[in-house]
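Novice: mind folding the following:
(one chain, ligands or ions: 2)
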Amino acid sequence: MSVAETDMTTFRWGKPLVVAIDGPSGSGKSSVSRETARRLKAAYLDTGAMYRAVTWHCLATGVDLEDAAAVENACEEVDLGISTNPDRQQVAVGGRDVTEAIREPEISKSVSAVATTLGARAELIRRQKQIIADSGRRIVAEGRDITTVVAPDAEVRILLTASEESRLRRRGLQLGGTQSAEALQEQVLARDAKDSAVVNFHEAADGVFTVDSSDLDFDETVDAVLAVIRRATR
Ligand SMILES: Nc1ncnc2c1ncn2[C@@H]1O[C@H](COP(=O)(O)OP(=O)(O)OP(=O)(O)O)[C@@H](O)[C@H]1O
Ligand SMILES: Nc1ccn([C@H]2C[C@H](O)[C@@H](COP(=O)(O)O)O2)c(=O)n1
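Specialist: Ligands and ions are numbered 1, 2, ... in the order given. Down below sits the predicted model:
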């Protein structure tokens, strides 16, 4: 039996398999979830990219990020496209490809303003639920409130954590060692502190498995996540 066939059997091919993964910045949610989706032959949804795309749209069209009603309105109106192919992430706003642009530091600096606007969250949560339904419920979705709000009914729910030290080190390496310690703290810890005002992604809710990747490398973390999925679905 090939590895692919083994995976299909082990992971209930043909049955719903929504895997919800939350965690703080730099814990490895995006990279680990994407690889997990590949292994499961599932779709992949990066919900943070949606918050980033709305932020890009607000900045590009002059929406005041301090004006909650304006941000909510922009979020409801925006034509937002996001691919769910784990091998090719694409994000579009009004048909324009913003896949790279939403990763710019200006967006990372401003995105919490959108993420803490409750009306904007409600609209993105509605769209995220629709994307999960449209996937035929075979998807790995990651963010900050997937286990608790977007997909509390997911077959498997995981909180992916790592120590602050590991998360700062990983983000530093990811950015090519170009950032000062202060800049990294701002991008990782200060952003988490702002986002925590509206959503809890530091503690696992009831029924949510915790995977602590502080002492695991990337491959070991993917294996640990797959082991949780196997255990939860057998
Ligand atoms: N277990 C691990 N060991 C070492 N490096 C890891 C591990 N998991 C992820 N990484 C690396 O850490 C960096 C940050 O990971 P990633 O972008 O997936 O985090 P994230 O939780 O999605 O962050 P954010 O929410 O800020 O987007 C990436 O370069 C990734 O390859
Ligand atoms: N479900 C989610 C996903 C993301 N956010 C916020 C938190 C971050 O500041 C921002 C960008 O996320 P990232 O790309 O860094 O994972 O979006 C959220 O509040 N809820």
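Novice: just the CA atoms of the helix or strand hosting R127, as CSV, please.
Specialist: Assessed by DSSP states H and E, R127 sits inside helix 118-134. C-alpha atoms of helix 118-134 as CSV (Å, rounded to 0.1, in the frame of the first residue of the first chain):
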residue,chain,number,x,y,z
LEU,A,118,-16.1,43.2,16.2
GLY,A,119,-18.3,44.0,13.1
ALA,A,120,-15.4,43.1,10.8
ARG,A,121,-14.8,39.9,12.7
ALA,A,122,-18.5,38.9,12.4
GLU,A,123,-18.3,39.3,8.6
LEU,A,124,-15.1,37.4,8.2
ILE,A,125,-16.3,34.6,10.4
ARG,A,126,-19.4,34.3,8.2
ARG,A,127,-17.2,34.0,5.1
GLN,A,128,-14.8,31.6,6.8
LYS,A,129,-17.7,29.3,7.7
GLN,A,130,-18.9,29.4,4.1
ILE,A,131,-15.5,28.5,2.8
ILE,A,132,-15.3,25.5,5.2
ALA,A,133,-18.8,24.4,4.0
ASP,A,134,-17.8,24.8,0.4
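Novice: ok, and does it reach over to ligand 2?
Specialist: No. On the criterion C-beta under 6 Å from any ligand atom, helix 118-134 is out of touch with ligand 2, staying 6.9 Å away. Yep, even glycine has a C-beta here, placed from its N, CA and C like the rest.
Novice: buried residues of stretch 196-207, list them for me.
Specialist: Applying a neighbour-count criterion of 16 or more other C-beta atoms under 10 Å, one finds 199, 201, 204 buried in stretch 196-207.
Novice: give me phi/psi at the second one?
Specialist: For F201, the backbone dihedrals are phi -120, psi 20 (criterion: degrees, to the nearest 10).
Novice: what pLDDT does the model give it?
Specialist: pLDDT, F201: 97.
Novice: identify the residues contacting it.
Specialist: Neighbour list for F201: 22-24, 144-145, 159, 192, 195 [criterion: C-beta atoms under 8 Å, 6 or more residues apart in numbering].
Novice: now do S83
Specialist: 89-91.
Novice: let's see it at 10 Å
Specialist: 43-46, 49, 89-92, 99 (C-beta atoms under 10 Å, 6 or more residues apart in numbering).
Novice: pull the number of nearby residues for L175.
Specialist: Neighbour count of L175, defined by other C-beta atoms under 10 Å: 13.
Novice: surely it meets R169?
Specialist: No. Judged on C-beta atoms under 10 Å, L175 makes no contact with R169 at a distance of 11.2 Å.
Novice: anything in contact with each of those two?
Specialist: L184.
Novice: quick one, helices of this structure?
Specialist: Assignment of helices within the chain using DSSP state H yields the ranges 3-10, 29-40, 47-61, 68-77, 105-115, 118-134, 164-174, 181-185, 191-195, 218-233.
Novice: how about the ones you listed in TSV, adding mean pLDDT, distance to E155 and mean neighbour count?
Specialist: As requested, the helices of the chain are arranged in TSV below (pLDDT from 0 to 100; distance: least, C-beta to C-beta, whole Å; neighbours: other C-beta atoms under 10 Å):
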stretch	mean pLDDT	distance to E155	mean neighbour count
helix 3-10	47	13	11
helix 29-40	98	11	21
helix 47-61	98	18	22
helix 68-77	98	29	17
helix 105-115	95	26	19
helix 118-134	98	12	16
helix 164-174	96	27	16
helix 181-185	94	35	13
helix 191-195	97	26	16
helix 218-233	97	6	16
